[in-house]
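Visitor: return a 3D structure for these sequence lines:
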Amino acid sequence: MSAATRESVSARRERLLGDEPGAFAVARFVRVTAQKSRRIGDLIRGESVDNALATLQFAPQAVAEVFYKLVDSAAANAESTEGLDRSSLIITTVHVDEGPTMKRWRPRAKGAANRILKRSSHLTVVVQPAEFVEGKRLAAATKISKKKGGNR
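Guide: Got it, this is the predicted structure:
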């Protein structure tokens, strides 16, 4: 990548994808705990975009709707900015980070108060073409097998 085109690349894209093909979408300050979000993130990680959307459409968890929009947005970004085919995209990375926690108080007996923590999370989904992902996996498997063979 030349220096002229690198100026237009965001730091977030550089961190998530580097020079690799693909796209991402981010949802911040989602009012769902990170623990609940990670359950759905683990469910769709490594799936094709079409399979993930079908899974998310019928998942009963509230955060599934947010992930559905996020995966759809990442696929649309890949189509429009990278010119990739939607049917060949795989979800390679799902990041679920904790967002800010709003602290509230609930009155209790004898003038006491309990703390209520209203947690939020930041969600990131990265999609990449299946051919590229399979090539990376094959290269990694070859590298591992060479290391094992060299130690004997």
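Visitor: wait, isn't Ser37 in contact with Thr124?
Guide: No. Counting by CB atoms under 8 Å, Ser37 stays clear of Thr124, with 10.9 Å between them. All C-beta atoms are positioned from the backbone trio N, CA, C, and that covers glycine.
Visitor: mutual contacts of the two, please.
Guide: Residues touching both Ser37 and Thr124 (CB atoms under 8 Å, 6 or more residues apart in numbering) are Val96.
Visitor: between those two, which is the more surrounded one?
Guide: Ser37 (28 against 19; other CB atoms under 10 Å).
Visitor: helix/strand/coil for Ile144?
Guide: Here Ile144 takes the helix state, with states given by DSSP: H, G, I helix; E, B strand; the rest coil.
Visitor: what separates it from Ser48, distance-wise?
Guide: Relative to Ser48, Ile144 is positioned 25 Å away (CB to CB, to the nearest Å).
Visitor: so for those two, which sits in the more crowded spot?
Guide: Ser48 (17 against 10).
Visitor: any chance of the backbone angles for the more buried one?
Guide: Main-chain torsions, Ser48, degrees, to the nearest 10: phi -70, psi 160.
Visitor: I figured it hits Ala130, correct?
Guide: Yes. If you go by CB under 8 Å, Ser48 and Ala130 touch, sitting 7.2 Å apart.
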